[in-house]
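>>> Return atomic coordinates for the entry below.
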Amino acid sequence: MSKCIWMLAALVAGTVPAVAAPPGPGARTIEHGRKLVTIAGCNDCHTPGWTEHGGTAPKDQLLVGGGLAFQGPWGTTYPTNLRLYVQSLTVEQWTQTVRTTKARPMMPWWVFRAMNDHDIASIYYYIRSLGPAGDPAPGYIPPGRPAPPPYLKLVMPPPAPATTGS
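Numbers count the residues shown, from 1 in each chain. Below you'll find the predicted structure:
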């Protein structure tokens, strides 16, 4: 009897259709991500030469990071290679990261707070659609340590004195 149950179970298991994985992002989602990356200025820092070439770059250079560093009282920071970075993240991890990270200057992390989950996912899928490319960006350099050029040095004004209400 138990042999019969095992055979029946094997027969049923073999006839149950496999559950298909949900489809990946469509062309409209990826295009929406590309548009948001452009509007938010991501290429300005994360694509070497973008600004110098009037907002253009070959596809193999888009969002590979590195390039021009930013130096100020916080130290020296380099734009992340987003194409490598997103490879290790799920869309849920990406969303959580950009919603909660408060990055060092010059990263305008607050722009993600104005986006909905679809916008953030669209950016993720656009970056992933480009595929991995380039090398990891150099690491953070603490204040007072030398950094190799090129870098943009920002001299910050002293903080404004706190005012008290009258």
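>>> Going along the chain, name the helices of the protein.
2-15, 27-39, 42-46, 82-85, 91-100, 117-130 (DSSP state H).
>>> Check which residues of the fifth one are buried.
For helix 91-100, a neighbour-count test (16 or more other Cβ atoms under 10 Å) marks V91, W94, T95, V98 as buried. The C-beta positions use only the backbone N, C-alpha and C, and glycine is treated the same way.
>>> Name the residues that touch it?
By Cβ atoms under 8 Å, 6 or more residues apart in numbering, the residues outside helix 91-100 that reach it are V86, L89, W109, F112, R113, D117, I120, A121, Y124, Y125.
>>> and the fifth one, what is it in contact with?
Okay, so that is R113. Contacts of R113 (Cβ under 8 Å, 6+ apart): R99.
>>> Return the distance of it relative to Y78.
Per Cβ to Cβ, to the nearest Å, R113 is found 23 Å from Y78.
>>> Spatially central, which residue of the chain would that be?
L82 (4.8 Å; Cα atoms, centre = their mean).
>>> Can you name the residues that contact that residue?
Contacts of L82 (Cβ under 8 Å, 6+ apart): C42, H46, L63, V64, G65, I127.
>>> and the closest residue to the first one other than its chain neighbours, what are its phi and psi?
Residue nearest to C42 in three dimensions, not counting chain neighbours: L63, with 6.7 Å by Cβ to Cβ, 6 or more residues apart in numbering. Geometry field for L63 lists phi and psi as phi 60, psi 30, criterion degrees, to the nearest 10.
>>> L63 - how many residues pack around it?
Counted with other Cβ atoms under 10 Å, the neighbours of L63 add up to 27.
>>> Could you do the one 10 residues further on as well?
Using other Cβ under 10 Å as the criterion, P73 is surrounded by 9 other residues.
>>> check contacts around it.
Per Cβ under 8 Å, 6+ apart, neighbours of P73: P143, M156.
>>> where does the chain dip in pLDDT?
1-24, 165-166 (pLDDT under 70).
>>> Is it correct that I141 is in contact with W74?
No - between I141 and W74 there is no contact under Cβ atoms under 8 Å: 10.0 Å.
>>> Before I go, just wanted to say thanks for your time.
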